[in-house]
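1. pasting a predicted model and its sequence here:
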Amino acid sequence: MSPAQANPARARGRFITFEGIDGAGKSTQARRLAEALRARGATVRLTREPGGSPGAEEIRRLLVEGPAERWSGETEVLLFTAARRDHLERTIRPALAAGEVVISDRFADSTRVYQGAARGELRKLVDRLHSDLIGLEPDLTFILDMDAAPALARGLARRSGEDRFEDLGAGFQDRLRAGFRDLAREFPDRCRLIDAGRDVDVIAGEIAEIALMDKARTI
Ligand code: TYD
């Protein structure tokens, strides 16, 4: 019996996400995993948040550019959720329905941690909007964990013009790191904490091994 027949709820592709503080190397590792899975014959859709669909990419610009105090916490949660809903409708669900592996550089855990870390009481709003409007959790989440100072230096060195969150400083990044570690404990079934302070190839090898061993895998 194939995994999909064993559990009809899983009659679809596989959804893998990368999370962590700014500059922890998510984008590189997401790309490396996509390459590793493609080399084994999988059809992989590599995507990112905020963004991942034309409409969500437009919303992204509103979120990552400009001064840190540009939006209230509530407005920010609504904008991230609007972008995610479009990403889900236009990119993620169609790809999963076609049996593809979707790898997303950030997803809902980023809203739980970033907006929740900025203002703790927002976590309830984030959870309500998520269950009403998104309702999808990844099958597997890699949380790239490392010290905030070197990660922040790496992120800012890129000078992408998208530094609205990096500009909140090292204290904020420390809170984010703690938030992601808490999240790994909150969702132990799908989250894997990865030591991101090591050599890029070593990290990529560990991640590919975990993805290929995972019980939920369909390829
Ligand atoms: P990202 O493109 O991952 O930035 P980088 O490649 O520099 O790590 O994300 C842009 C910023 O948006 C990043 O600082 C994290 C923040 N963010 C949130 O605050 N909430 C969210 O829900 C998401 C998806 C991102």
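-> Arrived safely, thanks for sending. Numbering: from 1, shown residues only.

2. quick check: residues of this protein near the ligand?
-> Residues of the chain lying close to the ligand (CB under 6 Å from any ligand atom) are 22, 27, 49-50, 64, 80, 105-106, 110-111, 114-115, 155, 165. From N, CA and C alone the C-beta is placed, and that goes for glycine too.

3. so among those, which ones count as buried?
-> 22, 49-50, 64, 80, 105-106, 110-111, 114-115, 155, 165 (16 or more other CB atoms under 10 Å).

4. the lowest-mean-pLDDT helix or strand in the chain: what's the following helix or strand?
-> Confidence across the helices and strands of the chain bottoms out at helix 3-6, with a mean of 42, counting by mean pLDDT, DSSP states H and E. Next helix or strand after helix 3-6 toward the C-terminus (DSSP states H and E): strand 14-20.

5. from the chain's centre, how far out does that following strand sit?
-> 5 Å (CA atoms, centre = their mean, to the nearest Å).

6. what pairs with it, and is each one parallel or antiparallel?
-> strand 101-105 (parallel), strand 140-145 (parallel) (DSSP bridges).

7. pLDDT on the first one, on average?
-> To tie it back to what came earlier, the one meant is strand 101-105. If you average the pLDDT over strand 101-105, you get 98.

8. ditto for the longest one
-> This predicted structure assigns strand 140-145 an average pLDDT of 98.

9. and whatever helix or strand comes next after it, what's buried?
-> As assigned by DSSP H and E, the chain's next helix or strand after strand 140-145 is helix 148-157. Using 16+ other CB under 10 Å as the test for burial, helix 148-157 gives 148, 151-152, 155.

10. okay, helix 148-157 in CSV with CA atoms only?
-> In CSV, the C-alpha atoms belonging to helix 148-157 read as follows (Å, rounded to 0.1, in the frame of the first residue of the first chain):
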residue,chain,number,x,y,z
ALA,A,148,21.9,36.3,16.6
ALA,A,149,25.0,38.6,16.3
PRO,A,150,26.8,36.8,13.4
ALA,A,151,23.5,36.1,11.7
LEU,A,152,22.5,39.7,11.9
ALA,A,153,25.9,40.9,10.6
ARG,A,154,25.5,38.5,7.6
GLY,A,155,21.9,39.7,6.9
LEU,A,156,22.8,43.4,7.0
ALA,A,157,26.0,42.9,4.9
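
11. show the secondary-structure elements that it is packed against.
-> Judged by 3 or more CB pairs under 8 Å, 6 or more residues apart in numbering; DSSP states H and E, the packing partners of helix 148-157 are helix 170-186.

12. the helix it packs on: how far from the chain's middle?
-> On CA atoms, centre = their mean, the centre of helix 170-186 falls 14 Å from that of its chain.
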